[in-house]
Structures are given as C-alpha cells and as structure tokens.
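Visitor: my questions concern the predicted model and sequence given below.
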Amino acid sequence: MENSNNEIKLDLLPPKTIYDYLYICSRWTLKLLWGISGFYLLLGTILLVFTFGYYLKGTAYSSKSRNILQLAKATKLSENIHQKNTSLTFLQNISTYRSSWGAKIAAISRMVPYDMWFDNLTVVYQDYNFAEISITGKAKNNFAIITFLKKLENAGWLENVRLNHSTKDTFNGEQINSFQILCKSRH
C-alpha cells in the first residue's frame, strides 16, 4: 500500500453532546424569534401609524360634517327668523291700518246724508301705503248721492272720488237709487 500522503487527522475538541446541539438549536430559534418579533413590531408600528392617521382624518371629516350641519341649522334658523320678522312687520302694519281705519270709517259715516244708507264698504290694500275703497248703497234721490260725493272730495285724505254707477230701483214700493262710489286713500 502505497501511502503518499500519510496524514492523520485528529479531532482535539471534545465530542459534541446533545446539550451542544440543543444550544445551537436554541440560538437559531432565538435569532428566528428576534427576527419574527422585529417583523411583527414593525408591522404593528405601521398599523398603529395608519390607524392614527385615519383617526385624525375621520376626526377632521367629522368636524367638517358637524360644521356643515351647524351651518345648515344656522341658515335654516336665520331664514325662519327672517320669515317671522316679515310676518311680524305685516301684522304690525295691519294693526296700524286697522286702527286708523276705525277713525276713517267713523268720519265717512258722519258724512252720510239722512236719506242714504250703505249696503257695503270695502277697503282693499294695494300696498302698505295705498288702499282702494268701494262704497255701495242706496239713496232716496240723486241729490243725496251728489252731496255725499262732494263731502268725500272735501275730506282731504281721499283721492279720485268718483261715482262708478247709479241705477234706479224700487224698494218697499218707493223709487230709490242704488250706487257704487270708488275712491282711493293714502295712509
């Protein structure tokens, strides 16, 4: 036998025991666990950052939607207040006009001659400062109607006083004149 290279290999390290293998496995396991825990720690941090970002975005959206709802409520409340103020002004004007018309109707009734009576007196407001008056009634003769027309013209607060129509009728067997007088009044 020819041995050109006679080497002898000696292992001077003590033989490996089961504990050595367990130690090596535990080190690899520990490295693996450190890697996995690092991965999950990184993943948890990323999820936490995204969750916090969405929370802030949701809070901002919630604030904006709350502000929009408050603005809508404020607008509706403002419109409601405006409508009620308009109604209040209208009612105050009606009250003012009604109180002034009591005196005006009393003044008109004092102008009526003894041989005349009214069937209807209508006041129609064209706006808050102007009203159209229609007086219908009956008189025993044309002289009573003409006298009443002149008194209305001289009143000063009536304008465009005119006899719209006058017709002859019979009432309880007597000849009478039915009439309609139109005029305008400024407040």
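Guide: Arrived safely.
Visitor: show the average pLDDT along the host helix or strand of residue 20.
Guide: Element membership for residue 20, per DSSP states H and E: helix 18-111. Helix 18-111 shows a mean pLDDT of 80.
Visitor: report the buried residues of the helix or strand following that helix.
Guide: Toward the C-terminus, helix 18-111 is succeeded by strand 116-127 as the next helix or strand (DSSP H and E). Buried residues in strand 116-127, counted by 16 or more other C-beta atoms under 10 Å: residue 116. Every C-beta, even on glycine, is put in place using the N, C-alpha and C of the backbone.
Visitor: tell me the helix or strand right after strand 116-127.
Guide: strand 130-139.
Visitor: and for that following strand, what are the contacting residues?
Guide: 97, 108, 113, 115-126, 145, 148, 158, 164, 169, 171, 176-187 (C-beta atoms under 8 Å, 6 or more residues apart in numbering).
Visitor: tell me the mean pLDDT for it?
Guide: The model assigns strand 130-139 a mean pLDDT of 89.
Visitor: give me the neighbour count for residue 163.
Guide: Counted with other C-beta atoms under 10 Å, residues neighbouring residue 163 total 14.
Visitor: so which elements touch the helix holding residue 20?
Guide: Applying 3 or more C-beta pairs under 8 Å, 6 or more residues apart in numbering; DSSP states H and E, we find helix 18-111 packed against strand 116-127, helix 142-153.
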